[in-house]
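here are the coordinates; sequence isn't available:
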């Protein structure tokens, strides 16, 4: 049998942190005195989670919030440049055979309503997500699951349809819910969820804030700070002002134009970290012009990616050269950055037969670094090439439902490869069966299916490299750059680390006033 340790892997990525400060002060006589830890840490985040039911949550801020309320069977442990999968609610896990995984649950784990963690709760969570009648983008993590069974009081068996090397890393994205609470609360579970995490919910006001308090019956090490408050502030300037006043101690997704202000404030520090996120333009193939490869190629050539980074993001990242981020399996480092050529873009638009029809474009406000400004800058570049762009920018909670209903022909989005396994990262865009944009390419489908069922990592690399080369030419999406994570932190925050998966987790952090 294969043991848990085989699922550890080295992930080449850059981690940066500059968020720690001294917990001691000196009085007038020069004697040292220890500051008192505050009973709350407040985090300013750029967008609303839309739902706190982890089976529906599909955004970074929601993941960060839910990481305090819920727990999955396994999760990513990040240590320096190492990422490995470790058991959380699963005390141990093993690959019994190519299609069978066995999970032994921890004993003594309680949900916030006092109910014990059971194998049935795990089965209920997974079964509900894969239910064809349940609408959730979370299905992509569990697409390979065939069935879930239980054995006794602490064993869960997951059978897959095919050999699936990426299942364990995918399960890190599936927090476990309490079946009784889901059934009794109904729609209220979206705002009053019950998990097993170190914090439980006090109050959630959509588009305003979420207040959590420490769960004293938590099975593991207790959280250091009593309360955690997430304050939803779509505008970067508002988040910065709150950080400067001390209303919040951590401010996510700071815009690049605020870097100098943060660095010049003696009460603040800043962390700029590379992530596993690609920011790109999603293209809807229902539009006849976008279905034309020459038109898509013209759109790509009209975008000056380096100019966007230098002028909008203050040079804090690099342009994209692939649909995948560096550090993921099979990342093709030999692909060049997508070129900028305005004259050729105009020529290809003419050759495509484009007649000036309106092209609707959407971009969010506050979800990603300088996203509104980025959307405006890109729209301006496309207009300069001769595309009749009609841009709309909206706060995240209003924006995402519109992307789900195909309100836009082009929409700005970022996608993190949480599993470092491209099959899952690409499913929602490039797999014909699950593509949100209507892209269909039989050759890509065939290669993706083969890669997903391949255990040999060298063979996986070969397949994923070939797929990237096809997508580079076909342009079903327009990769722009790799998202930088810019976080502002007040001096006095201890034991907080930024993460390459962009989760903001403060269960071990304290704020010394």
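Sure, I can see it. Quick caveat: nothing in here was measured; it's all calculated off a predicted structure.

What's the biggest strand in the chain, counting residues?
Using DSSP state E, we find that the single longest strand of the chain is strand 268-283.

Now do the same contact list for the nearest residue to residue 36 once chain neighbours are set aside.
Counting by CB to CB, 6 or more residues apart in numbering, residue 513 is the residue found nearest to residue 36 once chain neighbours are left out, at 6.0 Å. The way it works is simple: take the backbone N, C-alpha and C, and place the C-beta from them, glycine included. By CB atoms under 8 Å, 6 or more residues apart in numbering, the contact set of residue 513 is 35-38, 492.

Greatest separation within these: which pair is it?
Taking every pair in the contacts of residue 513 and measuring CB to CB, the maximum separation is 10.6 Å, between 36 and 492.

between these two, who's got more neighbours?
Using other CB atoms under 10 Å as the criterion, residue 36 and residue 492 rank with residue 492 on top: 20 against 10.

Nearest residue to that one in space, ignoring adjacent ones along the chain?
Excluding its sequence neighbours, the residue lying closest to residue 492 (CB to CB, 6+ apart) is residue 512, at 4.5 Å.

ok, what's across the strand from that neighbour?
residue 37 (DSSP bridges).

do residue 272 as well
Counting by DSSP bridges, residue 272 is bridged to residue 486.

what about it, neighbour count?
Residues near residue 272, counting by other CB under 10 Å: 19.

Quick check: it touching residue 489?
No: with contact defined as CB atoms under 8 Å, residue 272 does not reach residue 489; the gap is 11.6 Å.

so residue 124 is in which element?
If you go by DSSP states H and E, residue 124 is part of helix 119-130.

Which strands and helices lie in contact with that helix?
strand 100-105, strand 145-151, strand 155-160, helix 179-185 (3 or more CB pairs under 8 Å, 6 or more residues apart in numbering; DSSP states H and E).

elements contacting the helix ranked longest in the chain?
Scanning the chain for the helix with the most residues, using DSSP state H, yields helix 457-474. Judged by 3+ CB pairs under 8 Å, 6+ apart, helix 457-474 is in contact with helix 422-430, helix 442-452.

Which one of the ones you listed lies nearest to residue 461?
helix 442-452 (9.2 Å).

Can you tell me what sits against the closest one?
Helix 442-452 has contacts (CB under 8 Å, 6+ apart) with 144, 162, 164, 166, 330, 422-423, 426, 430-433, 460, 463-464, 466-467, 470-471, 474.

Now do the helices in the protein.
Along the chain, counting by DSSP H, helices occupy 60-69, 119-130, 167-171, 179-185, 236-245, 259-264, 293-301, 305-312, 342-352, 371-385, 396-404, 422-430, 442-452, 457-474.

Put together JSON lines for those helices, with mean pLDDT on each row.
Listed next are the helices of the chain as JSON lines, based on pLDDT from 0 to 100:
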{"stretch": "helix 60-69", "mean pLDDT": "94"}
{"stretch": "helix 119-130", "mean pLDDT": "98"}
{"stretch": "helix 167-171", "mean pLDDT": "90"}
{"stretch": "helix 179-185", "mean pLDDT": "98"}
{"stretch": "helix 236-245", "mean pLDDT": "96"}
{"stretch": "helix 259-264", "mean pLDDT": "94"}
{"stretch": "helix 293-301", "mean pLDDT": "98"}
{"stretch": "helix 305-312", "mean pLDDT": "96"}
{"stretch": "helix 342-352", "mean pLDDT": "98"}
{"stretch": "helix 371-385", "mean pLDDT": "97"}
{"stretch": "helix 396-404", "mean pLDDT": "92"}
{"stretch": "helix 422-430", "mean pLDDT": "87"}
{"stretch": "helix 442-452", "mean pLDDT": "93"}
{"stretch": "helix 457-474", "mean pLDDT": "94"}
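
nearest to residue 365, of those helices?
Among the helices of the chain, the nearest to residue 365 by CB to CB is helix 371-385 (4.6 Å).

by how many degrees do the closest one and helix 305-312 diverge?
130 degrees (axes from the mean of the first three to the mean of the last three CA atoms, to 10 degrees).

which helices and strands sit right next to helix 371-385?
helix 293-301, helix 305-312, helix 342-352, strand 359-365, strand 389-395, strand 410-416.

any chance of the ones you listed in JSON lines, with mean neighbour count and distance to residue 85 too?
Below are the helices and strands packed on helix 371-385 laid out as JSON lines (neighbours: other CB atoms under 10 Å; distance: least, CB to CB, whole Å):
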{"stretch": "helix 293-301", "mean neighbour count": "21", "distance to residue 85": "36"}
{"stretch": "helix 305-312", "mean neighbour count": "18", "distance to residue 85": "32"}
{"stretch": "helix 342-352", "mean neighbour count": "17", "distance to residue 85": "43"}
{"stretch": "strand 359-365", "mean neighbour count": "23", "distance to residue 85": "30"}
{"stretch": "strand 389-395", "mean neighbour count": "18", "distance to residue 85": "34"}
{"stretch": "strand 410-416", "mean neighbour count": "23", "distance to residue 85": "16"}
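
want to throw those into CSV with distance to residue 134?
CSV is the format used below for these (distance: least, CB to CB, whole Å):
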stretch, distance to residue 134
helix 293-301, 33
helix 305-312, 38
helix 342-352, 40
strand 359-365, 25
strand 389-395, 26
strand 410-416, 22
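
if we compare these, which one ends up closest to residue 187?
Closest approach to residue 187 among the helices and strands packed on helix 371-385 (CB to CB): strand 389-395, 21.9 Å.

ok and the closest one relative to helix 293-301, angle-wise?
60 degrees.

what angle do strand 389-395 and helix 396-404 make?
Angle of strand 389-395 versus helix 396-404, following the same axes, to 10 degrees, is 140 degrees.

Mind listing the strands strand 389-395 pairs with, and their directions?
Strand pairing for strand 389-395, using DSSP bridges, gives strand 359-365 (parallel).

and the angle for the partner strand with helix 236-245?
10 degrees.

Next one: residue 349 from residue 375, what distance?
Shown here: residue 349 relative to residue 375, a distance of 20 Å by CB to CB, to the nearest Å.

same question, residue 147
Distance of residue 147 to residue 375, computed by CB to CB: 43 Å.

just to revisit the earlier point, nearest to residue 92, out of the helices and strands packed on helix 457-474?
Of the helices and strands packed on helix 457-474, nearest to residue 92 by CB to CB is helix 422-430, at 23.6 Å.

Could you list every helix and strand in contact with that closest one?
strand 410-416, helix 442-452, helix 457-474.

Repeat the analysis, applying 7 Å as the threshold.
helix 442-452 (3 or more CB pairs under 7 Å, 6 or more residues apart in numbering; DSSP states H and E).

Run a quick neighbour tally on residue 512.
By other CB under 10 Å, the burial measure for residue 512, its neighbour count, is 17.

and what of residue 288?
Using other CB under 10 Å, residue 288 has 10 other residues around it.

State the pLDDT value of it.
In this model, residue 288 is scored at 97, pLDDT.

Which residues does stretch 358-374 contact?
46-47, 234-236, 253, 255-256, 279, 289, 308, 312-313, 375, 379, 387-396, 399, 402-403, 407-412, 414, 483-484, 486 (CB atoms under 7 Å, 6 or more residues apart in numbering).

sorry, back to before: any idea of the angle the longest helix of the chain forms with helix 293-301?
Compare the direction of helix 457-474 with that of helix 293-301 by the same axes, to 10 degrees and you get 100 degrees.

Could you pull out the buried residues of helix 457-474?
460-461, 463-468, 471-472, 474 (16 or more other CB atoms under 10 Å).
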